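Peer 1: Predicted coordinates and the sequence they were generated for:
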Amino acid sequence: MVSVGLCILETIAAIETVFRLSQQYILMQDINVTVVPIEDQPNIEPRIEPLIGHSMHRTSIHHYARHGLCRNFEGQKKLYKALKTKLCNTKLSFIAGLVIDLCRRRDSMLDKWVKELFDIDGDGFVTHHEKQFYNYVK
C-alpha cells in the first residue's frame with residue numbers, strides 16, 4: 001500500500017515538473033514577454049518560488065521527531081501507524097514497544113525512522129503533505 005502511494009506521489013511530481021517546464025517554454029516563445037536585465041533593476045532580488053504543490057513551511061526531521069511525534073499521544077499514534085505500514089507481518093505489540101522505546105530514548109535511531117517514514121522526497125525536511133500522509137491509514 002505504501003509503495004502504491006509513493007508511486008502516485010512520484011507521478012504527481014513528474015506531472016508538476018512537466019507542467020512547469022511547459023509554462024517556461026511558452027513564456028520563452030511568446031514575443032510579447034520582455035526580459036528585463038538584472039542590471040536595470042539593482043534593488044530587486046530574485047524570488048525563490050516553491051515547487052507546485054509544495055509548502056513553504058518545512059520542519060526539520062529532528063524537530064518533527066521530537067516535538068511533532070514523541071511529544072504527545074496523537075504523535076505517537078501517528079508514528080505507530082507509519083511503522084505498522086512499514087513493518088508488515090510484525091506483532092503489533094512489538095511495534096508499540098518500538099514506538100515507546102524510540103520516543104523514550106530520542107536519539108539518532110528515532111531520526112532515522114522518521115526520515116525513512118515521513119521524508120518522502122528526501123530533502124531532510126517534513127512538509128505539511130508529508131505529515132498528513134499517514135492520517136488516512138487504519
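Peer 2: Good, I have the coordinates. Residues are numbered from 1 along each chain as shown.
Peer 1: Just the mean pLDDT for the helix or strand where residue 15 lies, thanks.
Peer 2: Using DSSP states H and E, the element containing residue 15 is helix 2-29. The predicted model assigns helix 2-29 a mean pLDDT of 63.
Peer 1: What ranges does this protein have for its strands?
Peer 2: Per DSSP state E, the chain carries strands over the ranges 58-60, 125-127.
Peer 1: looking at the ones you listed, which is buried most?
Peer 2: strand 125-127 (a mean of 21; mean count of other Cβ atoms under 10 Å). In short, each C-beta sits where N, CA and C put it, glycine included.
Peer 1: thinking again about what came up before, can you tell which of the strands of the chain is closest to residue 12?
Peer 2: The minimum distance between residue 12 and those falls on strand 125-127, with 13.4 Å, by Cβ to Cβ.
Peer 1: Which residues are in contact with the nearest residue to residue 102 once chain neighbours are set aside?
Peer 2: Spatially, and ignoring its direct neighbours in sequence, residue 102 is nearest to residue 110 (4.6 Å; Cβ to Cβ, 6 or more residues apart in numbering). Neighbouring residues of residue 110 by Cβ atoms under 8 Å, 6 or more residues apart in numbering: 65, 66, 70, 102, 103.
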